[in-house]
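**Q** This is a predicted model, with the sequence first.
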There are 2 protein chains.
Amino acid sequence: MARVTIHDIAREVNSTPSTVSKALNDHPSISAATKEMIKAAALNLNYRQNRLASSLRSGKTNIIGIIIPSSDIGFFGAVVHGIEKVARSNGYNILLFQSHETGEYEVEGVETLLQTSVDGIIASIAKDTPNLDHFYDVKKRKVPLILFDRVKDELESPSVVVDDYRGAYMATEHLIGQGYSRIAHISGPQHVKIFNDRLCGYADALRAYNLPVDDDLIQYGKTSIESGQLCAEQLMQTPRKPDAIFAAVDITALGALQRIKQLGYQMPGQVGLIGFGNESFSPYVTPSLSSVDQQPARMGEESFQLFLNAMAKKGNGQIVEEETEAPTKIILDPVLVIRESSQRKHV
Amino acid sequence: MARVTIHDIAREVNSTPSTVSKALNDHPSISAATKEMIKAAALNLNYRQNRLASSLRSGKTNIIGIIIPSSDIGFFGAVVHGIEKVARSNGYNILLFQSHETGEYEVEGVETLLQTSVDGIIASIAKDTPNLDHFYDVKKRKVPLILFDRVKDELESPSVVVDDYRGAYMATEHLIGQGYSRIAHISGPQHVKIFNDRLCGYADALRAYNLPVDDDLIQYGKTSIESGQLCAEQLMQTPRKPDAIFAAVDITALGALQRIKQLGYQMPGQVGLIGFGNESFSPYVTPSLSSVDQQPARMGEESFQLFLNAMAKKGNGQIVEEETEAPTKIILDPVLVIRESSQRKHV
C-alpha cells in the first residue's frame, strides 16, 4: 500500500489538507472537536507524519544519539534498551554509536551525531579517552549532553551512575557472611573511577569486619577472560591462598571461574566467587555466577528523563547548563544477585 | 588543545589557508609535491577535516546506517564489528539502529536514517516485518541498500548470506559421525527463511545417511531459552527418545542443555547437542556448546564492500540497481565449531 498522506485523511473527513496539517500539529485555530476527529482518522488510516517536514518546522529532529563503549557488553545494551523504551513513548528515535573504548572513535561518534543534528547526546565515556574536548564541543553547541555510568564530573553534565562503592561493599560483605575470610579482589585499571570505587568498597567492607586488607590478595587486571584466568592463577599461587574472590567485572570473574575449576578447586565449597555487572552469560555458566546488578534499564530511563529536563530548560530559553547550578547527578542503588558461585552450603 | 584548523597548517607550511584546503581536497591546481607536504603537516598536527563542510561540498555524509534486529544477539554485534572495521578504513562512520524484531521500529529506523542523510543502509530484516514498503522507499530514493543474513530476494538488493542449509547439513552429519542415530531438531518460525533452510539441511543429512526423518523428533520453537527448555522436555518425553539434538539457534540449544542436564542425562554421553550461530556464551557453558559459525565478521566486511560497489556505480551515473541485472548475492560457507557437547567419547 502506498504511504498515507494528509490528502488521504482530508478526503476521509471531508476537509482540506491544510486543516488536517494544522490539526495534527495542534494549531490553536482548529477546534478541539475537529482535532480529535482528524487525529482519529489519521490513526485509523495508519498515518505516519513526515518527520523531516515536521522537524524543519520545529527545528528538532526527535533523534537522540547514544555513545557507548561497546554493545558487546551486556550492561550497555541493557541501558540502551532502557533509553529506547522511554524515548519511543516520547516520540524519539535512537541512533547508536560504539566507541570501542577508544578516544579516537569517540571523537568521530560525537562529530557524526552532531552532523546528523541529533537533539541530544547520551554517552558513557570510553576507557582510553585522553581528553574531553569533543564533549566540551557538544556543550558549546548547546546540545544537551547526559552522561551515564562512565562519567566525568568536570564536564558538569547531568548524569546517572550506580553506587559502585556500595555495590562492592555489599558483594564483599556477602562473601564474609558466607564464612569466607581470605577474600581476594580482581580489580581493573585504576584511572577508571568505577574500578577504584569498587576497590575501596571491597577494602572498607573487609575493615568493617576486622579482616586484614592484604595487598597479595589484590590483582589489577584488564577487563578480559584471559586476564581473569591469569589473575586467579596468580592468586592461587600466593603462600596463603584466598578462599574467595570478588572480581570487579563479570568477564574477569568468568575467567577466574574457569581457572579455579581447572586447578581442581570446588566452587563454591573451597573457593567462592562473585562478579560485578550481572552480564547476560552469568546465569548460564557452571556454577552460575553471583554478581552485582547495576539496574541498567533504570539507568537508561533516568538518563532519558534528564535529557527531557534539559530540553525543557532549553525550550524555556534558559542556558542548558547554568554554571552556577550543580548538574543533577542520580545515584542508583546496586542490587546483589546471589547465585551458586558464592553460596557455601557448609560453612 | 583547541582544534587544529587549516589556518594552523598554512602557518606551519608558510602557505595560505586556501592552498591548504585545495591540497587536502586533491584539487588539480596543486602540485603533487605541495599536496604531499601539506598532507604530512596536517597529519603531523593531528588535523581533522571538518566533516560537515566537506560533506556539503561532496553531497556525501560518509555515514552509513545499519539496521539490525538486536545488538543483544552476538551474531549481529559481530557483523557490525566487521562492517565498522572496513568502513573506518574507508573513512565512513557507522550509526546503528535496533528494530527489536518489530516491523514498526524498523520503519522508524529507515526514516531516521534517511532523515540523517546516510550515504547508504545495510540492514538485516526483523522477524515480524509485515511488508517491505520502507525498504522500497530506500531504493526509490536511490540510497544504496545492502541486506545481510535476513534478506528478502524480492527487494532485489545486493546481499550477503551464510549457507544455512549447508550449515545445518554439516551439524547433523557431525552428530551422525559421532555415532548418534536418533537426532532431534529444535527449529524456529518457518516463515523465516533461515529456519526453514536449516530444517531442510537437517532432514536431507538424515536421508543421506539412511536415517528416518521422524516428525516426533522435530519441534518448532521460539528463539528463547525457555522455548529450548520446553522443546527439550517434550523431546525427552517421546516414546523413543532422541540421543542427540540439533538446535537451529544457540539460545534454544542453551535451554535444551539446561533441561537435559536437569533431567539427569549425561551430555554428550547420553545426549549430544549442537547449536547454530556460535554465540558468545557458547564456549563458556558446561559442557561447552558445539555450534555452526556464520562468519559474521566476514559477512560485515562483504556487506560494506557491496555498499562501496553500489556507491561507485552511483558515482558513475548508473542507476544503483538496474532492473535487468540480477543483484550480487554473496553466499558464505558456514564453519563447524566442535566443542564438548557433541563429542561422544565412547561411541
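**A** It's in. Please read all numbers here as calculations on a predicted model, not as lab measurements. Numbering: from 1, shown residues only, chains lettered A, B, ... in the order given.

**Q** can you pull the contacts of the residue lying closest to A:Leu147 once chain neighbours are set aside?
**A** Ranked by Cβ to Cβ, 6 or more residues apart in numbering or on different chains and with sequence neighbours excluded, the top spatial neighbour of A:Leu147 is A:Ser159, at 4.2 Å. Heads up, the C-betas are built off the backbone N, CA and C, glycines and all. A:Ser159 makes contact with A:146-148, A:151, A:153, A:306, A:327-330, according to Cβ atoms under 8 Å, 6 or more residues apart in numbering or on different chains.

**Q** Restricted to helices, list those.
**A** With helices taken from DSSP state H, the overlap with those comprises A:Leu306.

**Q** Pull the most distant pair out of the contacts of A:Ser159.
**A** A:Asp153 and A:Leu306 (14.9 Å; Cβ to Cβ).

**Q** Those two: which has the busier surroundings?
**A** A:Leu306 (25 against 13; other Cβ atoms under 10 Å in any protein chain shown).

**Q** I figured A:Leu308 hits A:Asn90, correct?
**A** Yes - counting by Cβ atoms under 8 Å, A:Asn90 is a contact partner of A:Leu308 at 6.8 Å.

**Q** so how far is chain B from the residue nearest to A:Leu147?
**A** 23 Å (Cβ to the nearest Cβ, to the nearest Å).

**Q** what about the spatially closest residue to A:Met170 that is not a sequence neighbour, which SS state?
**A** Distance criterion Cβ to Cβ, 6+ apart; nearest residue to A:Met170, sequence neighbours excluded, is A:Leu336 at 5.2 Å. Secondary structure assignment for A:Leu336 (DSSP: H, G, I helix; E, B strand; the rest coil): strand.

**Q** Show me the helices in chain A, by range?
**A** With DSSP H as the criterion, chain A has helices spanning A:6-12, A:17-24, A:32-44, A:51-58, A:74-89, A:103-115, A:133-140, A:164-177, A:193-208, A:225-236, A:250-262, A:296-315.

**Q** Around chain B, which positions in the stretch 1-150 of chain A sit nearby?
**A** Taking Cβ under 8 Å from any Cβ of the partner chain as the contact definition, the stretch 1-150 of chain A meets chain B at A:1, A:3, A:48, A:51-52, A:55, A:61, A:63, A:65, A:71-72, A:74, A:77, A:80, A:84, A:88, A:93-98, A:100, A:105, A:107-109, A:111-117, A:131, A:133.

**Q** that older thread, want to throw the helices of chain A into CSV with mean pLDDT?
**A** Converted to CSV, the helices of chain A look like this (pLDDT from 0 to 100):
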stretch, mean pLDDT
helix A:6-12, 85
helix A:17-24, 82
helix A:32-44, 84
helix A:51-58, 59
helix A:74-89, 92
helix A:103-115, 91
helix A:133-140, 93
helix A:164-177, 98
helix A:193-208, 95
helix A:225-236, 97
helix A:250-262, 96
helix A:296-315, 93
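
**Q** Identify, out of these, the most deeply packed stretch.
**A** Burial of these is given as mean neighbour count (mean count of other Cβ atoms under 10 Å in any protein chain shown); helix A:250-262 ranks first at a mean of 24.

**Q** helices or strands next to that helix in the packing?
**A** strand A:183-187, helix A:225-236, strand A:244-247, strand A:272-274 (3 or more Cβ pairs under 8 Å, 6 or more residues apart in numbering or on different chains; DSSP states H and E).

**Q** Mind doing that once more with 6 Å?
**A** When contacts are defined as 3 or more Cβ pairs under 6 Å, 6 or more residues apart in numbering or on different chains; DSSP states H and E, helix A:250-262 packs onto helix A:225-236, strand A:244-247.

**Q** so what strands line up beside the last one?
**A** Yep, that's strand A:244-247 we're talking about. strand A:183-187 (parallel), strand A:272-274 (parallel) (DSSP bridges).

**Q** Highest mean neighbour count out of these?
**A** Mean neighbour count (mean count of other Cβ under 10 Å) peaks for strand A:272-274 among those, with a mean of 28.

**Q** Spatially central, which residue of chain A would that be?
**A** Computing the C-alpha centroid of chain A and ranking residues by Cα atoms, centre = their mean puts A:Val79 first, at 4.0 Å.

**Q** Please look at it and A:Ala297 and confirm they touch.
**A** No - look at A:Val79 against A:Ala297 with Cβ atoms under 6 Å: they stay out of range, at 7.4 Å.

**Q** Out of the contacts of A:Ser159, grab the one that's most surrounded.
**A** A:Phe148 (29 neighbours).

**Q** can you pull the pLDDT of that residue?
**A** Note on A:Phe148: pLDDT of 96.

**Q** How about A:Ser71?
**A** pLDDT recorded at A:Ser71 is 83.

**Q** wait, doesn't it sit right on B:Ser71?
**A** Yes - the pair A:Ser71 / B:Ser71 is scored as a contact, 3.9 Å apart, by Cβ under 6 Å.

**Q** Common neighbours of those two, please.
**A** Residues touching both A:Ser71 and B:Ser71 (Cβ atoms under 6 Å, 6 or more residues apart in numbering or on different chains): A:77, B:77.
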